[in-house]
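Participant: Sequence plus predicted model, see below.
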Amino acid sequence: MKSVANPFRLSRHLSTSPQLLKTPQEVVAITEDFCGQILDKHPDVRTLKRLHSKIIFERRLRSNPSIGIKLMRAYAACGQPRISHHVFDEVTGKNVVVFNVLIRSYVNNQFYQDALLVYRSMSSYNINPDHYTFPCVLKACSVTENWWVGTQIHSAVIKVGLDSNLFVGNGLVAMYGKCGCLVEARKVLDEMPQRDVVSWNSMVAGYARSGRFDDALGVCRKMESLSVKPNAGTMASLLPAVTNTAADNVWYVKELFMKLDNDSVVSWNVMIAVYVNNSLPALAVELYLEMEARGIEPDAISIASVLPACGDLSALVLGRRIHEYVERKRLRPNLLLENALIDVYAKCGCLRGAREVFDGMQCRDVVSWTSLISAYGMNGQGRNAVALFSKMQDSGLTPDLIAFVSILSACSHAGLLDEGRYFYKLMTQKYRLVPRLEHFACMVDLLGRAGQVDEAYNFIKQMPMEPNDRIWGALLSACRVYSNMDIGLIAADHLFQLVPEQAGYYVLLSNIYAKAGRWEDVTTIRSIMKGRGIKKMPGVSNVEFNHRVYTFLAGDQSHPQSKEIYEELDVLVGKMKEMGYVPETDSALHDVEEEDKENHLAVHSEKLAIVFAIINTEPGTPIRITKNLRVCGDCHIAIKLISKIAEREIIVRDTNRFHHFQNGVCSCDDYW
DNA sequence: ATAGGGTTAG
């Protein structure tokens, strides 16, 4: 080692002896070697600029093209492609490499238009693009989905005969794929004289992005049949094709994952995301834990991917542990990660946690605000949600369609009828957003819950699109609450045509009949269900305890502590009766909600989960329950009393929202 | 050199 290659040493030298730079004569001579070594180490901008001015004083170095190239690369690495361009301007006798480096400087810094401008200028210098230029400019077209320039580049490629080059071909496949020209992409791929795993992955990505699941999987199978080993990139490319997909596709990806021999963090992240995107949160969490156990260090993406699964499962303890990991590894600030943290706290009913993350953020986007707004909304704090919405507007952010879904649903859960109407107007008139089905569903829900059933029905009638089952479902729920038989029958009629297999709506209608005392109709509905083989979804409740999520079914007797749980429940019910509790055991009214009728004598799952938690946790520990259906009226009353008797805060998340039970009352004020 | 992994509602 003959020269100093430590940029820190250079920068210290220069900063403590600035007089060295005063006159060129005094400058200690530096060699090309020395310069090159420092530049290749990617110094920070300050060091870079000092070195740059030194180079300018040295005539020998200034005219050296290889130093110029290194300078350009170093500036690009510091996110300063404009300065790379200035260096480029000074280089005399530019060759293709100098152009390539400048183009890459721009592309690596997402200045795609500038990259393409430089590419276009090459002809006026009489310099031909080469097999390094094309992949780079094709990438610029890919990212910006610039099909027009992309095809022009394709012609240029053919003209100079570089279409047989592997890297150029890969760039073309990716460009066409990104632009949605799958036929073109496929044609290029098929005609390539040689292909590698990147060629195939690009094709997979193209199909996957366009939602062509079967084609994407077909390419995977084809590459396997040609003995091209899929890698983590193959899985990553496939990802958009495996959201809300058939179980078979999930298992296919799982098999791919098992077959990979490299343990890259990307493949684990993709597998976690696949589970999350297919409503398999328990598997996602399990895989995350296995990843930790195997010593594969989760990165920000692993965490942003697994946190929604924790939220789904209400796995607050795990969520908190992951949050600590984020702090320990200093993964913050990271907007997406922090947004995911807000959401996991929100979904676990832990408003304070959500708020703390939000307050601690350096910058926030619409997603951050929306997450917090919906957190307040789900927890019945509509007024706070409304206040937050105004603050978001004040901060200069423009609410999007999702933000409006959140605020409308917050209003509907809190019974804020006027506010809800105001936000609907705001969305359509001020922001000129076109409402989607979700917004209509929120409005029907808002009006219906507030007792404006006729207006809700009229609202549906004037919709510019076909209402879906959620919309009729919201109307039917309102009809049950407000005993509106006429409109209820209309809603039910639509529902039975739209989703004849959904048990919940039959139950809702039978509840309306029961309330009106029309028992023959109740019986008729039950026999229709039986005849059509419609099974109700069994009620399930989850509770996290001792780093595990425990699941209880309605009437569950499979738990080892089952006997103890039922005994304790009996004791509780006795105390509740002393306080005036009358169990709703009337066979028709009992399952006011969607709980399985077969289990009407069985204990609902949330009661079992709550008693399990009371038995196993320290007195005073809050109890958090998640269930897959809505809480029924009987359980709602019972849990209020249990919260008083057992002196526990009980937080129940059902399909729509949270109920915070404490000291005999619920945060929803019995409005849900 | 070329591909490829993340957050918000319902």
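Facilitator: Sure, I can see it.
Participant: contacts, neighbours, all on C-alpha from now
Facilitator: OK.
Participant: Might you enumerate the residues of the stretch 551-672 of chain A proximal to DNA strand B?
Facilitator: Within the stretch 551-672 of chain A, the residues that sit near DNA strand B (Cα under 7 Å from any atom of the strand) are residue A:656.
Participant: what comes up buried for stretch A:418-429?
Facilitator: A:419-420, A:423-424, A:427 (16 or more other Cα atoms under 10 Å).
Participant: Okay, strands next: where are they in the stretch 401-550 of chain A?
Facilitator: Along the stretch 401-550 of chain A, the segments classed as strands by DSSP state E, counting those that start in this stretch run A:540-545, A:548-553.
Participant: still on that earlier bit, can I get the buried residues of stretch A:418-429 in a markdown table with distance to residue A:165?
Facilitator: Below are the buried residues of stretch A:418-429 laid out as a markdown table (distance: Cα to Cα, whole Å):
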| residue | distance to residue A:165 |
| --- | --- |
| A:419 | 62 |
| A:420 | 59 |
| A:423 | 56 |
| A:424 | 56 |
| A:427 | 52 |
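Participant: doesn't residue A:483 make contact with residue A:512?
Facilitator: Yes - here residue A:512 reaches residue A:483: they are 6.3 Å apart, a contact under Cα atoms under 8 Å.
Participant: Look at these two and report which has more neighbours.
Facilitator: The neighbour comparison of residue A:512 against residue A:483 (other Cα atoms under 10 Å) goes to residue A:512, with 27 against 18.
Participant: Next, the contact list for the more buried one, please.
Facilitator: By Cα atoms under 8 Å, 6 or more residues apart in numbering, the residues touching residue A:512 are A:479-480, A:483-485, A:488.
Participant: Name the nearest residue to the closest residue to DNA strand B within the stretch 201-350 of chain A, ignoring sequence neighbours.
Facilitator: Residue nearest to DNA strand B within the stretch 201-350 of chain A (Cα to the nearest atom of the strand): residue A:233, separated by 3.1 Å. Nearest non-adjacent residue to residue A:233, counting by Cα to Cα, 6 or more residues apart in numbering: residue A:201, 6.7 Å away.
Participant: burial of the one you found, as a residue count?
Facilitator: Neighbours of residue A:201 (other Cα under 10 Å): 27.
Participant: just the helices in the stretch 101-250 of chain A please.
Facilitator: For the stretch 101-250 of chain A, applying DSSP state H, counting those that start in this stretch gives helices covering A:112-121, A:133-143, A:147-159, A:166-178, A:182-191, A:197-209, A:213-225, A:232-238, A:247-259.
Participant: Residue numbers of the stretch 301-450 of chain A in contact with DNA strand B?
Facilitator: Contact residues (Cα under 7 Å from any atom of the strand) of the stretch 301-450 of chain A with DNA strand B: A:301-302, A:304-305, A:308, A:334-337, A:339-340, A:343, A:366-368, A:370-371, A:374, A:378, A:401-403, A:405-406, A:409-410, A:438, A:441-442.
Participant: Where does pLDDT dip in chain A?
Facilitator: In the predicted model of chain A, residues A:1-34, A:59, A:61, A:63, A:262, A:584-601 satisfy pLDDT under 70.
Participant: Mind splitting it into its structural domains?
Facilitator: With domains defined by automatic domain parsing, chain A comprises A:1-120, A:441-532, A:540-666.
Participant: quick one: contacts for the residue of the stretch 201-350 of chain A closest to DNA strand B?
Facilitator: Counting by Cα under 8 Å, 6+ apart, residue A:233 has contacts A:198, A:201, A:266-267.
Participant: ok, which of those also contact DNA strand B?
Facilitator: Residues shared between the contacts of residue A:233 and the neighbourhood of DNA strand B are A:198, A:201, A:266 [Cα under 7 Å from any atom of the strand].
Participant: shouldn't residue A:453 be in contact with residue A:477?
Facilitator: No - the criterion here is Cα under 8 Å, and residue A:453 misses it with residue A:477 at 10.0 Å.
Participant: Over to residue A:658: give its phi and psi.
Facilitator: The phi and psi values for residue A:658, taken as degrees, to the nearest 10, are phi -110, psi 150.
Participant: Please identify the nearest residue in space to it, excluding sequence neighbours.
Facilitator: residue A:379 (5.0 Å).
Participant: Identify the residues contacting residue A:302.
Facilitator: By Cα under 8 Å, 6+ apart, the contact set of residue A:302 is A:265, A:268-269, A:272, A:288.
Participant: how does it look with 10 Å?
Facilitator: The contact partners of residue A:302, by Cα atoms under 10 Å, 6 or more residues apart in numbering, come to A:265-273, A:288, A:291, A:337.
Participant: Including neighbour count, could those residues go into TSV?
Facilitator: Listed next are the contacts of residue A:302 as TSV, based on neighbours: other Cα atoms under 10 Å:
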residue	neighbour count
A:265	16
A:266	18
A:267	22
A:268	23
A:269	26
A:270	25
A:271	26
A:272	24
A:273	26
A:288	23
A:291	18
A:337	21
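Participant: Now tabulate these in TSV and tack on secondary structure.
Facilitator: Shown next, in TSV, are those (DSSP: H, G, I helix; E, B strand; the rest coil):
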residue	secondary structure
A:265	helix
A:266	helix
A:267	helix
A:268	helix
A:269	helix
A:270	helix
A:271	helix
A:272	helix
A:273	helix
A:288	helix
A:291	helix
A:337	helix
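Participant: Including distance to residue A:90, could these go into CSV?
Facilitator: Shown next, in CSV, are the contacts of residue A:302 (distance: Cα to Cα, whole Å):
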residue, distance to residue A:90
A:265, 42
A:266, 41
A:267, 44
A:268, 47
A:269, 45
A:270, 45
A:271, 49
A:272, 49
A:273, 48
A:288, 52
A:291, 51
A:337, 42
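Participant: How about the residues of the stretch 51-200 of chain A by DNA strand B?
Facilitator: So the stretch 51-200 of chain A meets DNA strand B at A:131-132, A:135-136, A:139, A:142, A:166-168, A:170-171, A:174, A:178, A:197-199 (Cα under 7 Å from any atom of the strand).
Participant: 6 Å - rerun?
Facilitator: Contacts of the stretch 51-200 of chain A with DNA strand B, taken as Cα under 6 Å from any atom of the strand, map to A:131-132, A:135-136, A:139, A:167, A:170-171, A:174, A:198.
Participant: If you rank these by neighbours, which is first?
Facilitator: Greatest neighbour count in these, by other Cα under 10 Å, goes to residue A:174: 31 neighbours.
Participant: Excluding chain neighbours, what is closest to that residue?
Facilitator: Take residue A:174 and drop its neighbours on the chain: the residue closest to it by Cα to Cα, 6+ apart is residue A:202, 5.1 Å away.
Participant: so the residue nearest to residue A:233 makes contact with residue A:220?
Facilitator: Yes - the criterion here is Cα atoms under 10 Å, and residue A:201 meets it with residue A:220 at 8.1 Å.
Participant: Quick check: neighbours shared by those two?
Facilitator: By Cα under 10 Å, 6+ apart, residue A:201 and residue A:220 have these common neighbours: A:230, A:234-235, A:238.
Participant: before we move on, back to that, now, which of the contacts of residue A:302 sits nearest residue A:72?
Facilitator: Lowest distance from residue A:72 to those (Cα to Cα) belongs to residue A:266, with 30.5 Å.
Participant: Let me have the shared contacts of residue A:201 and residue A:220 in a markdown table, adding neighbour count and distance to residue A:580 as columns.
Facilitator: What follows is these, written out as a markdown table (neighbours: other Cα atoms under 10 Å; distance: Cα to Cα, whole Å):
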| residue | neighbour count | distance to residue A:580 |
| --- | --- | --- |
| A:230 | 21 | 65 |
| A:234 | 24 | 62 |
| A:235 | 27 | 59 |
| A:238 | 27 | 58 |
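Participant: Turn these into a markdown table, columns for distance to residue A:51.
Facilitator: Converted to a markdown table, the shared contacts of residue A:201 and residue A:220 look like this (distance: Cα to Cα, whole Å):
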| residue | distance to residue A:51 |
| --- | --- |
| A:230 | 44 |
| A:234 | 42 |
| A:235 | 43 |
| A:238 | 45 |
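Participant: Out of those residues, which two are the most distant from each other?
Facilitator: It's A:230 and A:238 that sit farthest apart of these, by Cα to Cα, at 10.8 Å.
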